[in-house]
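# This is a predicted model, with the sequence first.
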Amino acid sequence: MIEELKSLSIADQMEYLRKGTVEIIREEELEARLARSAKTGKPLRVKTGFDPSAPDLHVGHTVLIRKMKHFQDLGHTVIFLIGDFTGMIGDPSGRSITRKQLTPDEIRANAETYKKQIFKILDPETTVIDFNSRWMSKLGSAGFVRLCGHYTVRRILERDDFEKRMKAQEPISMHELLYPLVQGYDSVALEADVELGGTDQKFNLLVGRDLQREYNQPAQVVLTMPLLEGTDGVQKMSKSLGNYIGIDEAPNEIFGKVMSISDELMYRYFELVTDVPMSDIERWKKEVASGDRHPMALKGDLAVRIIEDYYDPDQAAAAREAFAKVFRKGEIPEDVETRELSFSDSKVKLSKLLASMGLAASVSEANRLIGSGAVTIDGEKATDTRAELQLSAGDEYLFKVGKRRFLRVVVGE
RNA sequence: GGACAGGUGGCGGAGUGGUUAAACGCACCAGACUGUAAAUCUGGCGCUCCAUGCGAGCUACGGAGGUUCGAAUCCUCCCCUGUCCA
């Protein structure tokens, strides 16, 4: 497959790379570089930057990583750049409170976590992992000031995000203004041919082009990918918004979260996070509209495809079955967590038990849940907030809280 | 350095002495319903205790003090943010 891709014509390669992108600046330049690379046999250097403080990747990130893979498929050098320099000085990212600085050890650990995750998609043999502290820490303050001399305040302030915050009378720290410069300089240091990023990165990516020209390098091609909407279907997928599907999550979790997206959003997920051809997606859409295909089944197919990227097909199929069992038939899943409870007391108040086992956030919360009929013990609904359980060694209870929290408890000595 | 405005629960945003654990919206949780963890509707949404009552205590409106029977609300100092002037 990959060998085949490498022998594609330039036009076909362009087609392959264009799929899913929002913008390529500029297409002619990319085409020219692909042609030159084909002629000289020298692969293009494709750079993508990542934040060192958030190594938990979610499906939204994979939109970008998949595009990296496409370049890799065509034989180019993909550079996964970890912005550890940024991390060390405390990336404020947006207007959130300054994050705590990361130690070298934490950065190393985060990098390992990244590797574990991205190599589910990218080729571990050929992917280059780099850190921008490699050149940024050598630059020194004098060098940094010189770097600043290559750009103007007005051009930095053109950035949409800054403009909005100025208008909204929100603070902007000095170092935030410098980030685009650092990111742009990364491209200079790496002599990048192409940089990939989300549409929100467009400004920073373009600064890279400018700076490369300033440093007498050919300007990199900029390729932007859409930001995938989260499970709420409105805002972009992000961990802090809680609308994300993590690629390290258990198959059952991924399945459930995919099932919770709207039918409309399902097609966009098919487009951006699977390799299904657009023609198939369009056909399915019509079949659903005409009633020939069940949207829930199709959404299940999507979930299975996504899970298969990170787990084996058996696990994906099992997740599908488990979902049907729990949510459609209201049965107990097979793999309920079991916990042993050692209790010196023989009588325990139900609400306290729930809270202590983490089935409820607090005793008050447990009381609310009991009151609303969300708690079931061995299939029996518990509605009395005063109920006490008579515990004795060897007893086993199956707790169900809400639709999807299950816990089997075995009473020990 | 000066003038002015502002800092409220996860977020946005009301509230200028008491009936305010703090309107409203979002997010979140639960119940009903459903092809779905969707949509919709209903309820809930600081903690703990008692036990189930429109109960009790504790913690909470940038921070620290103070005034008062009583403060998110008034006073003092401090910290933080923005705007304008220099």
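Great, that's in hand. Numbering: from 1, shown residues only, chains lettered A, B, ... in the order given.
# packing partners for the helix or strand that contains residue A:129?
Here residue A:129, judged by DSSP states H and E, is contained in strand A:128-131. Under the contact criterion of 3 or more C-beta pairs under 8 Å, 6 or more residues apart in numbering; DSSP states H and E, the helices and strands touching strand A:128-131 comprise strand A:77-82, helix A:104-118. For the C-beta atoms, the positions are set from N, CA and C on the backbone; glycine is no exception.
# Try it again at 10 Å.
strand A:45-50, strand A:77-82, helix A:84-88, helix A:104-118, helix A:174-190 (3 or more C-beta pairs under 10 Å, 6 or more residues apart in numbering; DSSP states H and E).
# worst average pLDDT in these?
Ranked by mean pLDDT, those bottom out at helix A:84-88, with a mean of 75.
# Quick one: residues contacting residue A:350.
Shown in contact with residue A:350 (C-beta atoms under 10 Å, 6 or more residues apart in numbering): A:366-367, A:370, A:375, A:377, A:382, A:384-389, A:399.
# contacts with RNA strand B among those residues, please.
A:367, A:384, A:385, A:386 (C-beta under 7 Å from any atom of the strand).
# I'd like to know which of those residues is nearest to RNA strand B.
Set against RNA strand B, the nearest of these by C-beta to the nearest atom of the strand is residue A:385 (3.1 Å).
# how many other residues sit next to the closest one?
16 (other C-beta atoms under 10 Å).
# cool, the one 4 residues further on as well?
The local packing count at residue A:389 equals 19, with neighbours defined by other C-beta under 10 Å.
# quick one: it from RNA strand B, how far?
13 Å (C-beta to the nearest atom of the strand, to the nearest Å).
# Likewise for residue A:256?
2 Å.
# With distance to RNA strand B as added columns, please give the helices and strands packed on strand A:128-131 in TSV.
TSV is the format used below for the helices and strands packed on strand A:128-131 (distance: least, C-beta to the nearest atom of the strand, whole Å):
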stretch	distance to RNA strand B
strand A:45-50	25
strand A:77-82	28
helix A:84-88	20
helix A:104-118	20
helix A:174-190	10
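# Out of these, flag the one nearest residue A:231.
helix A:104-118 (19.2 Å; C-beta to C-beta).
# Residues of the stretch 201-350 of chain A that sit close to RNA strand B?
A:232, A:242-243, A:252-253, A:255-257, A:259-260, A:262-263, A:294-296, A:299, A:323, A:327-328, A:349.
# what's residue A:122 sitting at in phi/psi?
The phi/psi pair for residue A:122 (degrees, to the nearest 10) reads phi -90, psi 160.
# so how many other residues sit close to it?
20.
# Likewise for residue A:406?
Using other C-beta under 10 Å: residue A:406 sits among 18 other residues.
# most surrounded residue in the ones next to RNA strand B among the contacts of residue A:350?
When neighbours are counted by other C-beta under 10 Å, residue A:367 leads these with 19 neighbours.
# packing partners for the host helix or strand of that one?
Assessed by DSSP H and E, residue A:367 sits inside helix A:363-371. Helix A:363-371 sits against strand A:347-349, helix A:350-356, strand A:396-401, with contacts defined as 3+ C-beta pairs under 10 Å, 6+ apart.
# so of the ones you listed, which one's packed in deepest?
helix A:350-356 (a mean of 20; mean count of other C-beta atoms under 10 Å).
# CA atoms only for that helix, dumped as PDB, please.
This file holds the C-alpha atoms of helix A:350-356, laid out as PDB (Å, rounded to 0.1, in the frame of the first residue of the first chain):
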ATOM      1  CA  LEU A 350     -25.800   3.300  52.200                       C
ATOM      2  CA  SER A 351     -25.100   6.900  51.300                       C
ATOM      3  CA  LYS A 352     -21.700   6.800  53.100                       C
ATOM      4  CA  LEU A 353     -20.900   3.500  51.400                       C
ATOM      5  CA  LEU A 354     -21.600   4.900  48.000                       C
ATOM      6  CA  ALA A 355     -19.400   8.000  48.700                       C
ATOM      7  CA  SER A 356     -16.500   6.000  50.100                       C
END
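# Now do it: distance to the chain's middle.
Put simply, helix A:350-356 sits 34 Å off its chain's centre (C-alpha atoms, centre = their mean, to the nearest Å).
# Show the average pLDDT along it.
On average, helix A:350-356 scores 88.
# go on, stretch A:364-384?
87.
# Let me see the ranges of the strands in chain A.
A:23-25, A:45-50, A:77-82, A:128-131, A:194-198, A:221-225, A:338-342, A:347-349, A:375-377, A:380-381, A:388-390, A:396-401, A:405-412 (DSSP state E).
# Alpha carbons of the fourth one, as PDB, please.
The reference is to strand A:128-131. Only the C-alpha atoms of strand A:128-131 are listed here, as PDB (Å, rounded to 0.1, in the frame of the first residue of the first chain):
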ATOM      1  CA  VAL A 128      11.500  12.300  14.000                       C
ATOM      2  CA  ILE A 129      10.800  13.600  17.500                       C
ATOM      3  CA  ASP A 130      12.400  16.900  18.400                       C
ATOM      4  CA  PHE A 131      12.300  19.500  21.100                       C
END
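# Buried residues, it. List them.
Residues of strand A:128-131 classed as buried by neighbour count (16 or more other C-beta atoms under 10 Å): A:129, A:130, A:131.
# again with the first one
Buried positions in strand A:23-25, judged by neighbour count with 16+ other C-beta under 10 Å: A:24, A:25.
# Before I go, just wanted to say thanks for your time.
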